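Asks: have a look at this prediction, sequence included:
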Amino acid sequence: MLTALGLHAVGGWSGLQAKLPAHMFSMVRPATDPDVPWPGMFVGVFILGSFYWSMDQVLVQRRLRREEPRRGRKGAIFCAFLKLATPFLLVLPGLVAKALHPTSPRPTTRSRSCSRR
């Protein structure tokens with residue numbers, strides 16, 4: 001719902017692309033990128049993320065020990081497809097927020113109160 005409302009507010013997908021630089025729509029960045037290098041993106045998000053979301057050992061074993069293991073396999077594949085929706089549910093609202101509030105400061109890893117000590 002948040003994604004749909006945000007896209008409507010920025011003028012749809014074309015409005016979002018017009019308000020943000022092109023590099024913000026690229027998931028594959030150079031290996032030297034300080035924020036999201038491509039090896040980390042593929043290993044961290046796709047391989048480990050798919051395993052975590054769709055191949056949890058306890059759930060898979062419980063489902064596959066049923067009389068119909070084919071249904072268990074279909075459930076694991078369905079979970080993998082749900083994982084593919086993650087960029088639309090998590091990343092796209094962030095892009096919409098950047099388009100709506102372009103002057104917002106970038107968050108830092110340390111709070112100001114910690115840096116004064």
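Replies: Alright, I've got the coordinates.
Asks: pull out the buried residues from stretch 74-89.
Replies: Applying a neighbour-count criterion of 16 or more other CB atoms under 10 Å, the buried positions in stretch 74-89 are 76, 79, 83. From N, CA and C alone the C-beta is placed, and that goes for glycine too.
Asks: format those residues as TSV; extra columns: secondary structure and pLDDT.
Replies: Written out in TSV, the entries for those read as follows (DSSP: H, G, I helix; E, B strand; the rest coil; pLDDT from 0 to 100):
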residue	secondary structure	pLDDT
76	helix	73
79	helix	75
83	helix	75
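Asks: pick the one among the residues you listed closest to residue 68.
Replies: Distances from the buried residues of stretch 74-89 to residue 68 were compared by CB to CB; the smallest belongs to residue 76, at 13.3 Å.
Asks: Provide a list of residues in contact with the residue most central in space within the chain.
Replies: The residue lying closest to the centre of the chain (CA atoms, centre = their mean) is residue 87, at 3.6 Å. Taking CB atoms under 8 Å, 6 or more residues apart in numbering as the definition of contact, the neighbours of residue 87 are residue 27.
Asks: output the below-cut-off pLDDT ranges for the chain.
Replies: Of all residues in the chain, those with pLDDT under 70 make up the ranges 49-61, 63-67, 107-117.
Asks: all helices for it, in order.
Replies: Counting by DSSP state H, residue ranges of the helices within the chain are 2-10, 12-19, 38-40, 49-54, 57-64, 69-83, 86, 92-100, 112-115.
Asks: out of the ones you listed, which is closest to residue 32?
Replies: Closest among those, using CB to CB: helix 38-40, at 9.7 Å.
Asks: circling back to that earlier point, which one of the helices of the chain is the most hemmed in?
Replies: helix 92-100 (a mean of 17; mean count of other CB atoms under 10 Å).
Asks: neighbouring contacts of it?
Replies: Judged by CB under 8 Å, 6+ apart, the contacts made with helix 92-100 from elsewhere in the structure are 2-3, 6-7, 9-10, 15-16, 19-20, 24-25, 104.
Asks: who's in contact with residue 7?
Replies: For residue 7, the set of contacting residues under the criterion of CB under 8 Å, 6+ apart consists of 13, 16, 92, 96.
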